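>>> Build me a model from this:
(2 chains)
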Protein chains: 2
Amino acid sequence: MRIAIDAMGGDHAPSQIVLGALQAAKEWPDTHLLLVGDTQQIEAAMGGNKPSNVEIIHTDDVIGPDDEPVRAVRRKKGASMVVAGNLVREGKAAAMLSAGNTGALMTTGLLIVGRIEGIERPALAPMLPTMDDVGMLALDLGANMDAKPEHLLQYAIMGSIYRTKVHGMSNPRVGLLNVGTEAMKGNELTKAAFELLQNAPINFIGNVESRDVLLRNCDVLICDGFAGNIMLKSMEGTATVVMRSVRDALTSSLLTKIAALLVKPKLQSLRAKMDYKEHGAGPLLGVNGLVLKCHGSSNDVAVKNAVGKARIAIQNKLVESIATEFSRK
Amino acid sequence: MRIAIDAMGGDHAPSQIVLGALQAAKEWPDTHLLLVGDTQQIEAAMGGNKPSNVEIIHTDDVIGPDDEPVRAVRRKKGASMVVAGNLVREGKAAAMLSAGNTGALMTTGLLIVGRIEGIERPALAPMLPTMDDVGMLALDLGANMDAKPEHLLQYAIMGSIYRTKVHGMSNPRVGLLNVGTEAMKGNELTKAAFELLQNAPINFIGNVESRDVLLRNCDVLICDGFAGNIMLKSMEGTATVVMRSVRDALTSSLLTKIAALLVKPKLQSLRAKMDYKEHGAGPLLGVNGLVLKCHGSSNDVAVKNAVGKARIAIQNKLVESIATEFSRK
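Numbering: from 1, shown residues only, chains lettered A, B, ... in the order given. Have a look, this model is predicted:
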């Protein structure tokens, strides 16, 4: 299988991206990696190590973090991200991954790779951390701020297929993010979506509350991009502030400082658990090829893991399964 | 001044409500308190102590926590909450407070007390905890799940007046809850509201993110009821889970247990700080009289504090100020 990697996107590009690709190439010799970017920089990052299953696709241009997404994708035809998207579109790669500009990657998915027939809005679906370390797939988290009930229905079906195909879950529980668990709670959007979800070919468990997300009250969380983002940033901010206050309390006397040293590993693992940035690549679901968004601060391990995730999704025919489901409608 | 108190609403009614009223009556002899509810139960809770500035208004009926709000307010004309609302409507009390059914209280405000002319949607405006203990007024938090841009504008003006009149702030900073701080961020609602807020007679500081709410990134937070509720429950849930994990880490060995004892007061105060239920009564802004919602679990101190808050709002002519502002439009 062939996977395209935007070597130029991300805070630590190209070096960490290239190093991650080298590790992936070594671990999975059956996988052909297409490193898209500036040949000279990529070769420098490789340091003379060029496995036979790694190929460089040279590009001159790059989409930067501050580029306006739609404009950049339309104008910078030779940017690494856009070229990687075209490899997927043309069937020369089954997947692409990038740690670059999120908006531009969503635009690349939409305009270059293209939507699956029947899908109205592709959705960004990152994994949220949960205390049991299993994680929760949440969508949409950022591709579309506003959503219609039908979009939420499509997110739910795509999310269920993803957890089944990529995570091997047999009957993932789909929850609708809402202000209460009772059936008729919520705003106009969630009330209408609730009706649709009840009749969908998924394991819909009803409304779920954001207060229990960390306890994994469902496996696929459905929300519009605005509410999902508010939720995520509330969780992040609260975790940060509380952890900081605990740290301050623990450094108030000598004895508590010693105790703080003893519990440091546990608190650090808690902090890492709460850091949703650490939880790897999230797919852009609904586009006609696998597009994975890696976090901007991705290091080599994150890139290697993203390649691993792409392999599973390709092997288990994620995109084909979504396309089949929606071609039935 | 005269303040009506729904003696029958709340988890600890009537005993804690009555005890709180007695404390308030003693502290503020100039305030006449109308305790609305079952005479026999109220007198029993008083235990023979009946100050001259406390009057009982007998009612036979009560709206329960599970009653459907609109139906209950319409049908139970003799319920303590509805009777208290009528006292305000008829000018026999300047304010009412209740720890009862939130939905029913909002309905009482809307249907019995009535809207201020020019106000489209009254909004529930509780105080959110902040790390500096100053707190943030957030609205709407529950009265209306969906909002139009014009409603958010009205919330902003009312919230500014509240913080000025009741909290003595000279130029409260109004922030719009959003997914980023840049001007054009958000969904259709926040983009349109942003434009309106920019031209409003308030100190609008722009979009604010939920991650910084605990750090008091503004004094008046504007949001629709759905997004606000998602935010609040995300913060609550995260604080609970993180604090529990910290407690588990601290009880893992003898030394850490000793340290845990030392930091216990600090952690408890942190926990109390994060508990938004503790932060007292929130007004229903936009109705033609002061309506204060006390938390369902309110004890005597919470009730007494709510009376104190009502006194300040009445003295500083909160409702009249809002009415004057909107009569100019």
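>>> Tell me where the stretch 101-250 of chain A has strands.
Using DSSP state E, counting those that start in this stretch, the strands assigned to the stretch 101-250 of chain A run over residues A:123-124, A:127-128, A:136-139, A:173-178, A:203-209, A:220-222.
>>> Would you pull up how far the last one lies from the middle of the chain?
Computed by CA atoms, centre = their mean, to the nearest Å, the separation of strand A:220-222 from the middle of its chain amounts to 14 Å.
>>> is chain B contacted by it?
No - under the criterion of CB under 8 Å from any CB of the partner chain, chain B is not reached by strand A:220-222; the shortest gap measures 11.5 Å. The way it works is simple: take the backbone N, C-alpha and C, and place the C-beta from them, glycine included.
>>> Pick the most buried one from the strands of the stretch 101-250 of chain A.
Stretch with highest mean neighbour count among these: strand A:220-222 (a mean of 30; mean count of other CB atoms under 10 Å in any protein chain shown).
>>> For it, give me every contacting residue.
The contact list for strand A:220-222, computed with CB atoms under 8 Å, 6 or more residues apart in numbering or on different chains, reads A:128, A:136-139, A:152, A:155-156, A:159-160, A:162-163, A:172-177, A:193, A:197, A:208, A:213, A:228.
>>> circling back: which stretch among the strands of the stretch 101-250 of chain A comes nearest B:Q16?
With CB to CB as the measure, strand A:203-209 is the member of these nearest B:Q16 (27.5 Å).
>>> quick one: strands adjacent to the closest one?
Partners of strand A:203-209 in the sheet, by DSSP bridges, are strand A:173-178 (parallel).
>>> Kindly provide the whole-number mean pLDDT of the strand it pairs with.
In this model, strand A:173-178 carries a mean pLDDT of 98.
>>> in the stretch 151-300 of chain A, what spans have low per-residue confidence?
Counting by pLDDT under 70, the stretch 151-300 of chain A contains low-confidence residues at A:276-280.
>>> re the thing from before, point out the one among the strands of the stretch 101-250 of chain A that comes closest to A:L22.
Closest of these to A:L22 is strand A:127-128, at 24.9 Å (criterion: CB to CB).
>>> how distant is the closest one from the center of its chain?
Averaged C-alpha coordinates place strand A:127-128 at 8 Å from its chain's average position (CA atoms, centre = their mean).
>>> what pairs with it, and is each one parallel or antiparallel?
Each strand that pairs with strand A:127-128, with its direction, by DSSP bridges: strand A:136-139 (antiparallel).
>>> who touches the partner strand?
Taking CB under 8 Å, 6+ apart as the criterion, the residues outside strand A:136-139 that touch it are A:123-128, A:130, A:155, A:158-159, A:162-163, A:167, A:172, A:213, A:216, A:218-223, A:228, A:232, A:285.
>>> re the thing from before, could you dump the strands of the stretch 101-250 of chain A into JSON lines with distance to A:L110 added?
As requested, those are arranged in JSON lines below (distance: least, CB to CB, whole Å):
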{"stretch": "strand A:123-124", "distance to A:L110": "11"}
{"stretch": "strand A:127-128", "distance to A:L110": "22"}
{"stretch": "strand A:136-139", "distance to A:L110": "15"}
{"stretch": "strand A:173-178", "distance to A:L110": "24"}
{"stretch": "strand A:203-209", "distance to A:L110": "27"}
{"stretch": "strand A:220-222", "distance to A:L110": "20"}
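>>> With respect to A:T31, which of those strands lies nearest?
Distances from A:T31 to each of the strands of the stretch 101-250 of chain A were compared using CB to CB; the shortest belongs to strand A:127-128, at 22.0 Å.
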